[in-house]
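Asks: Need a 3D model of the following:
(one chain, ligands or ions: 1)
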Amino acid sequence: MTNGRSDEIDRRDFMLASVGALGAAATLMAGPAQAQDATTQRAASGAGAGGTVFTGDIIDGKQVISALDISDLEPGRHNFYFRGAQMPTGQHWYVSVSVAKGAAPGKRVGLISGVHGDEMSPMHTLQTVMNQLDPTAMSGSVVAVFDLSRPAVEAMSRRWHSSGRGIDLIDINRVFPGNENGPEISTRHAGLVFNRLLKPNLDYGLDFHTAATGMDATAFHLARMDLPEVRAMAELFPIDQIFDNFGENGLLANALIDAGIPALTPEIGRPRILDLAMIELFVEGTMNVLKHHGIIAGPMGRTGADSNIFVADGMLPILATRGGFVELLVEINDVVTEGQKLAIQRNTFGEVVAEYTAPRAGEIGARRTDATAEEGTPIVFIIFDSATPVGGDVIVE
Ligand SMILES: [Zn+2]
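Replies: Below is the predicted model of the structure:
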């Protein structure tokens, strides 16, 4: 450091790290951008939107914002880069945000993709929906966040790398609502996105995912069907299955629900690819949700009633008991009976080292696509409806 001002900031940041007081942190973290201090403090205290904050930067013709408040935008279509967490180089991860604000007031729905960076069909779903919207005919708003975990998207990886203590890989969908003053970058980014982009601007949320790399899955939702407003949205998609389950703490959908914003996690099949046929089903369901909330007009499309959607309250992962090469004997959506053979596994010599059978009847909700499996790797997920749900520790979002 060569000047007094930088030294001063360093010392303050060091004190901040030692003390960790949220209020002081919120004030100091804004650094030289004094104009943002007020917004920072409001966001940190959960007081809601305090106006859209433009940083003054332009990237590829798009204005950069550090806070979004759609109430102060003109009706119409707006594309921004939202300034997320800062990298060690001093630059930031920017997130692509699109707002379609209707000419008339109404409900506000958030569409999110890219929480996991290897899940591509969700992004295309959002693009397709946004392209179909005409703000002049809308009552209310739709906010799309396309690439929430920018570094994970760049790497086509599920998790976010953090260099705070050597290389770490963090699943950001376990740390929501995040913490703007948290100890590592993905938690800070989650906090910024949650406090300044999503929470102040949404009445409802859909956080789109796919199966993880190495797995394939049906067109399904992870949804808390005991919540009537969540259930109403979930049933509007003409898809295969709904897995009625809480999931885990730290999921974006659960953080939104905790903030009073009904939300669910639609899952669009395989990771890494664009599954255009399956995307069409989720676009239709999303347009239904927007009609349900009165944001757009028009007749309802196909729903879960048309696709004979299967609501399951249990999911049982079949875990590999050996390392080896897995030959699957069942397909996605297959109905299986108790005792049915699901897969065999061979070692490098081709000798059969394990056979896997269904411990109970159900439907195949997800299956492995990578040919190898280590001990403990889920190779098949059976979903079922049961009076006594058996929750797995492993979920496929
Ligand atoms: Zn995911």
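Asks: ok, the closest residue to the ion within the stretch 201-350 of the chain to Ile344 distance?
Replies: Nearest residue of the stretch 201-350 of the chain to the ion, counting by C-beta to the ion: His209, 3.3 Å away. For the C-beta atoms, the positions are set from N, CA and C on the backbone; glycine is no exception. Taking C-beta to C-beta, to the nearest Å as the measure, His209 and Ile344 are separated by 30 Å.
Asks: For those two, indicate the residue with more neighbours.
Replies: A count of neighbours by other C-beta atoms under 10 Å puts His209 above the other of His209 and Ile344, at 28 against 16.
Asks: partner residues bridging Gly314?
Replies: In this entry, Gly314 is beta-bridged to Phe384, by DSSP bridges.
Asks: Just give the number of residues close to it.
Replies: The local packing of Gly314 (other C-beta under 10 Å) involves 20 other residues.
Asks: Do I have it right that it meets Glu363?
Replies: No. Look at Gly314 against Glu363 with C-beta atoms under 8 Å: they stay out of range, at 10.9 Å.
Asks: Name the residues contacting each of the two.
Replies: Counting by C-beta atoms under 8 Å, 6 or more residues apart in numbering, the shared contacts of Gly314 and Glu363 are 383-384.
Asks: for the stretch 51-200 of the chain, what spans make up the strands?
Replies: Taking DSSP state E, counting those that start in this stretch as the test, the strands found in the stretch 51-200 of the chain are 53-59, 62-67, 76-86, 92-101, 104-112, 139-145, 160-162, 168-170.
Asks: nearest residue to the residue of the stretch 51-200 of the chain found nearest the ion other than its sequence neighbours?
Replies: Residue nearest to the ion within the stretch 51-200 of the chain (C-beta to the ion): His116, separated by 3.5 Å. Counting by C-beta to C-beta, 6 or more residues apart in numbering, the nearest residue to His116 once its immediate chain neighbours are dropped is Arg158, at 4.7 Å.
Asks: what pLDDT does the one you found get?
Replies: If you check Arg158, the pLDDT there is 97.
Asks: Report the contact partners of it.
Replies: With C-beta under 8 Å, 6+ apart, Arg158 has these contacts: 116-119, 152, 171, 212-213, 271.
Asks: Among those, which one has the most neighbours?
Replies: Among the contacts of Arg158, the one with the most neighbours (other C-beta under 10 Å) is Glu119, at 29 neighbours.
Asks: Could you pull up the residues touching that one?
Replies: 113, 158, 208-210, 268, 271-272.
Asks: correct me, but Asn179 touches Gly191?
Replies: Yes. Asn179 is in contact with Gly191 according to C-beta under 8 Å; the separation is 4.7 Å.
Asks: what about the two, which has more around it?
Replies: Taking neighbours as other C-beta under 10 Å, Asn179 and Gly191 compare with Gly191 leading, 22 against 19.
Asks: Need the nearest residue in space to the more buried one, chain neighbours excluded.
Replies: Closest residue to Gly191 apart from its sequence neighbours, by C-beta to C-beta, 6+ apart: Gly178 at 3.4 Å.
Asks: you'd agree the one you found is up against Leu197?
Replies: No. Using C-beta under 8 Å, Gly178 makes no contact with Leu197, being 11.2 Å away.
Asks: Comparing these two, which shows the higher neighbour count?
Replies: The residue with more neighbours, out of Gly178 and Leu197, is Leu197; 27 against 22, by other C-beta under 10 Å.
Asks: can you pull the contacts of the more buried one?
Replies: 67-68, 82, 95, 97, 143, 145.
Asks: residues contacting Pro359?
Replies: Residues in contact with Pro359, defined by C-beta under 8 Å, 6+ apart, are 316, 318, 338, 382.
Asks: Name the SS class of the third one, please.
Replies: Right, the one you point to is Glu338. Recorded secondary structure, Glu338: coil (DSSP: H, G, I helix; E, B strand; the rest coil).
Asks: Count the neighbours of it for me.
Replies: Neighbour count for Glu338, taken as other C-beta under 10 Å: 10.
Asks: Contacts only, for it.
Replies: Contacts of Glu338 by C-beta under 8 Å, 6+ apart are 358-361.
Asks: What's the separation between it and Leu316?
Replies: Distance, Glu338 to Leu316, using C-beta to C-beta: 11 Å.
Asks: overlap in contacts of these two?
Replies: 359-360.
Asks: Give me the below-cutoff pLDDT ranges for this protein.
Replies: 1-48, 387-397 (pLDDT under 70).
Asks: can you list the domains in it?
Replies: What automatic domain parsing lists as the domains of the chain is 53-292, 313-384.
Asks: and the ones you listed, which is most packed in?
Replies: domain 53-292 (a mean of 20; mean count of other C-beta atoms under 10 Å).
Asks: part of a strand, is Met278?
Replies: No. Counting by three-state DSSP, Met278 is not found in a strand; it is helix.
Asks: how far out from the middle of the chain is stretch 307-318?
Replies: 20 Å (C-alpha atoms, centre = their mean, to the nearest Å).
Asks: nope, stretch 278-293 is what I meant
Replies: Relative to its chain's centre, stretch 278-293 lies at 17 Å (C-alpha atoms, centre = their mean).
Asks: what does stretch 96-107 give?
Replies: A distance of 20 Å separates the centroid of the chain from that of stretch 96-107, by C-alpha atoms, centre = their mean.
Asks: Then stretch 195-211?
Replies: 8 Å.
Asks: likewise stretch 75-90?
Replies: That offset, for stretch 75-90, works out to 17 Å (C-alpha atoms, centre = their mean).
Asks: Kindly report the same for stretch 186-201.
Replies: 12 Å.
Asks: got it, and stretch 84-93?
Replies: 21 Å.
Asks: End to end on it, go ahead and measure it.
Replies: By C-alpha to C-alpha, to the nearest Å, the extent of stretch 84-93 from end to end equals 5 Å.
Asks: any residues touching it, and which ones?
Replies: The set of residues external to stretch 84-93 that reach it, using C-beta under 8 Å, 6+ apart, is 83, 94-95, 150-151, 163, 185-186, 188-189, 192-193.
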